[in-house]
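Q: From the sequence below, what's the structure:
(2 chains)
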Amino acid sequence: MLSSQIKSNGIEFGSCNKDLLEEIIFYGIGLGADFVEIFIENIDNASVLAEEDYITSVSPSFGKGAGIRIFKDKRDGFVSTNDLSKHGLMRSVSQAIEMLDITDKNKREVFNGLNKHKDYSLSKKTWIDEVPSIHEISEKLLVSTKSLKKNNKIITRKGSYSRNLQEVIIASSDGTYVSDIRLHQTVGLNVIASDAQYRSNGSRRFGSSGIPNEFRSWDHEKAANDVFESSMNMLYADYVDAGQMPVVLANKFGGVIFHEACGHLLETTQIERGTTPFENKLNKKIAHESVTAIDEGISEGSFGSLTVDDEGMEPEKTVLIKDGILKKFISDRAGELRTGHKRTGSGRRQNYSFAAASRMRNTYIAKGEYSKEDLINSISDGLYCKSMGGGSVGATGQFNFAVEEGYLIKNGKLTSPVKGATLIGEAKEVMPKISMCGNDLELAPGFCGSISGSVNVTVGQPHIKVDSITVGGR
Amino acid sequence: MNSRKITTQISKAADFLNVKKWDYGASFSNDFSVQVDKGEAKQLKATQKQVITIRVWNESNLVGITTTSDISESGIKKALNQANLASDFGNKNEGTEFSPLAKDPIKLKEVKISNPVGIKKLLTLLREAEVKLIKSHESIKSVPYNGLSESFFERVYANSDGAFRSYSKSQAVLYLYARAEEEDKKPRSSGSIKLGYGVDDIDIEACIKEASNKTISHLNYSPIKTDKYLICFSPESFLTIINAFSSMFNARSILDGVSLSKKNSIGEKLSTEALNIYDDGLHEKNISSSPFDGEGTPTKRLCLINKGKIENFIHSESTARIFKTNPTGHAGLGSKVSVSPDWIVVEKSKENYDLKTSLDHSNYQGEFVYIEELNAIHAGVRASQGSFSLPFDGWLYKNGTKISIEAATVAGDIKYLLKNIVNIESNQEVTPSGISPHIWVDELSITGDA
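A: Prediction:
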């Protein structure tokens, strides 16, 4: 079982902690806080790495901690600690109060106690016993890395698995009192192929949330074939010529560009900083009319799905852009307080040591009416980006993404593979150029690093066509 | 709880569980940080954290590991027990042992450990810095990314063979990234970061000035034509490239087949004879120095490239054993022990006759691209292939005048880059990630929007 015995006068997972949580919140409100939020977690993680034909790493980890946030006006003070005793939590509240320099203890907010406990974890307590054992994971990873050995050009084969089980308790002075258990599993394969001076990589990652059996049904043969094919296709590829050109971005992980280049700019943290060009564009056109974009936390089993966010709110389906018109921002508690945009169930954090912030969940461009072939046929000279690598967005909105697997498009047909391509642009310039969306929407898991740490997300899109974008190369 | 007490507790728990051989690494930290937004406190943060990683060896000498933040008696027992269970899956192909140097004397730098100045002072200092930066130029409208923090931590390594090491230190960091806006122009952004042992060591004025100057210098910008250019790398950007491709010197990466080097690459010529590169974690200017690595091996200065040729690789205990050499103090502590460089020092060797010394970034009149800062390293570097394609901030110099480059990437191959170094300037500059002079490279591809 996950439940661990913690100091008897402190938080105990699996028990009713209402009295203690209320006492701590009352204490914070009594000291003059406008709002008090307590986030407590207990983790049980494991990861396994297979290289070539050996298990080379098994890394279990466990631990617990609390993050306490106090709001005063629009400011917030956040304290995190591993000490879950009553004394430790009280001390953290005092520290946060002190940091905010709250001296006016007469102006008190009202705290009417916590609501009835919403326990989202009831049906999830057996998950830890249902997930595959280290032995089972190791066996399957070794079979997977073996199936990557398809010819002698494959010089490095790796398979990795990680499981994060997080039990949380969230309580705050607006009465919120919830518990939940989250399970995320991810498995990946990657290879390096080499022949004389030529080298290429191939990699794929899969992930799910809340499905203990998911790893067992993972089709490792299909994944291995996919990774192998990708590395072989790219092994002798030439470098792409740089320039402006139309591109078709593949579905699934192709959505990383929308996530990074546009999605982040629709988080209220960006409005707070004054770093989004979309701040005053609500109900205005910011993209081509073929673009509808969604961020939601409710797709069953998707890597970015949540039963409840890290501020105790159930996630909603948020239509960000509808037919090119900006409809909504992604907001958390601080975002609502500071920018006025209503919370969307998007308050997320890596763990107890981060304050929650407005973060994406499952973010994707909705499907359109075209086939992949329609998009490619419409281009006489361009680039097909079959697989995207990572990317980043600069402080002024400029993005840069590596194309892991790319092919030239000539006269409406895919031709030779090319490597070394990067896509460069700015969201507000590129979004109006997404002129065609395919009918083959698919999602892909990923990790997103930002202000509140690394969180599990899903990116996605159908195949899309961008009329013109700068392609970096040699 | 102090580190000696934890060691005793682990030892007792190991005896209880009949675990004969174990080691552990731990870190205990207290961090305080502030961020501001136009004079207002934005987020104030305090973090108390403890992490302990325990390795145990079973009767077949296979290693298992567990990491936890629970250092209670029951937590430590549970961690030992889990590590023991995990050892059944220990790597049978490549064993790990204690570092043979884990009891060697370590060189502790004499640095002061600052006292916490407290959140209020951090906030006051950062507010003042933000105001000064915004006032420094009419185009600077905000400082969207800023922070001032102070950290106090202790690191420990101990094993069942009697090795015990610990050190404590303090560190402070200030970063200011300003955003400038002018009518009918794109916003421009740049910044500065300064480190110190304590807040009082940080030159706040220098950070403000640097952030302001760098941001303003990008106000007049222009797209650049896609072509091959003569490049001058700033010390910071050259160190970024070397760190990104440090797998060339990394024995772990070589064994894993993800390095451009091979086991027999010692002595391979990579660059001009004028180039020397060291890893020097204990350098007096390295604020983040650590006297020992994750396996307890003492940190030391190590020559990686001597007169253009690979001189040494960096090692953990297990890679050193395989390469029949000594560990170098670059190991982490994990189920699979990682290896990474500490602090890179680049310098001009005495064999520098083939350099074009007329190339000096402060007075060269010909056309060249100055790369101030490379971005998106995680996305644009293929270390196992040797290739890179990276966005950068920089300027195009022509006839003694410079203009900021609007948006561009530099692409190439690390071996090509090293072979095409045409000048290494004499003056070294200290950066947060190491020391380097300006480095000139001929004929690298730039993709621009022009």
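Q: how about the nearest residue to the residue in the stretch 51-200 of chain B that chain A sits nearest to, chain neighbours excluded?
A: For the stretch 51-200 of chain B and chain A, the shortest gap (CB to the nearest CB) falls at residue B:69, measuring 3.4 Å. (C-beta placed from N, C-alpha, C; glycine too.) Beyond its immediate neighbours in the sequence, the residue positioned closest to residue B:69 (CB to CB, 6 or more residues apart in numbering or on different chains) is residue A:63, lying 3.4 Å away.
Q: check contacts around the one you found.
A: In this structure, residue A:63 makes contact with A:42, A:43, A:82, B:51, B:67, B:68, B:69, B:70, judged by CB atoms under 8 Å, 6 or more residues apart in numbering or on different chains.
Q: got the contact list for the residue of the stretch 51-200 of chain B closest to chain A?
A: Residues A:63, A:64, A:65, A:82, B:49, B:50, B:51, B:52 are the ones in contact with residue B:69 under the rule CB under 8 Å, 6+ apart.
Q: And the second one, how close does it get to residue A:42?
A: Here the criterion is CB to CB, to the nearest Å. By it, residue A:64 lies 5 Å from residue A:42.
Q: likewise the third one?
A: For residue A:65, the distance to residue A:42 equals 9 Å [CB to CB].
Q: Could you do the fifth one as well?
A: The spacing between residue B:49 and residue A:42, counted by CB to CB, is 16 Å.
Q: neighbour count winner among these two?
A: Higher neighbour count among residue B:49 and residue A:42: residue A:42, with 25 against 18, using other CB atoms under 10 Å in any protein chain shown.
Q: Test my guess that the more buried one contacts residue A:12.
A: No: proximity of residue A:42 to residue A:12 does not meet the contact threshold set by CB atoms under 8 Å, at 10.0 Å.
Q: Could you pull out the buried residues of the lengthiest helix in chain B?
A: Of all the segments assigned as helix in chain B under DSSP state H, the longest by residue count is helix B:119-135. For helix B:119-135, a neighbour-count test (16 or more other CB atoms under 10 Å in any protein chain shown) marks B:119, B:121, B:122, B:123, B:125, B:126, B:127, B:129, B:130, B:132, B:133, B:134 as buried.
Q: And stretch B:313-325, by the same measure?
A: Neighbour-count burial for stretch B:313-325, counted by 16+ other CB under 10 Å, picks out B:313, B:314, B:315, B:316, B:317, B:318, B:319, B:320, B:321, B:322.
Q: How is the chain partitioned into domains?
A: Going with chain A. Per the record, chain A has its domains at A:18-235, A:238-472, by automatic domain parsing.
Q: Can you look at chain B instead?
A: According to the domain assignment given by automatic domain parsing, chain B is divided into the following structural domains: B:3-211, B:217-241+B:353-447, B:264-348.
Q: I'd like those as TSV, with mean pLDDT appended.
A: Formatted as TSV, the domains of chain B follow (pLDDT from 0 to 100):
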stretch	mean pLDDT
domain B:3-211	94
domain B:217-241+B:353-447	94
domain B:264-348	97
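Q: Turn those into CSV, including distance to residue A:359.
A: Shown next, in CSV, are these (distance: least, CB to CB, whole Å):
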stretch, distance to residue A:359
domain B:3-211, 15
domain B:217-241+B:353-447, 19
domain B:264-348, 28
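Q: the inter-axis angle of the strand ranked longest in chain B versus helix B:119-135?
A: In chain B, taking DSSP state E as the definition, the longest strand is strand B:140-159. Direction vectors for strand B:140-159 and helix B:119-135, defined by axes from the mean of the first three to the mean of the last three CA atoms, to 10 degrees, enclose an angle of 140 degrees.
Q: still on that earlier bit, would you turn the buried residues of stretch B:313-325 into CSV with distance to chain A?
A: Supplementary listing: these in CSV, determined by distance: CB to the nearest CB, whole Å:
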residue, distance to chain A
B:313, 18
B:314, 19
B:315, 17
B:316, 13
B:317, 15
B:318, 11
B:319, 13
B:320, 17
B:321, 16
B:322, 14
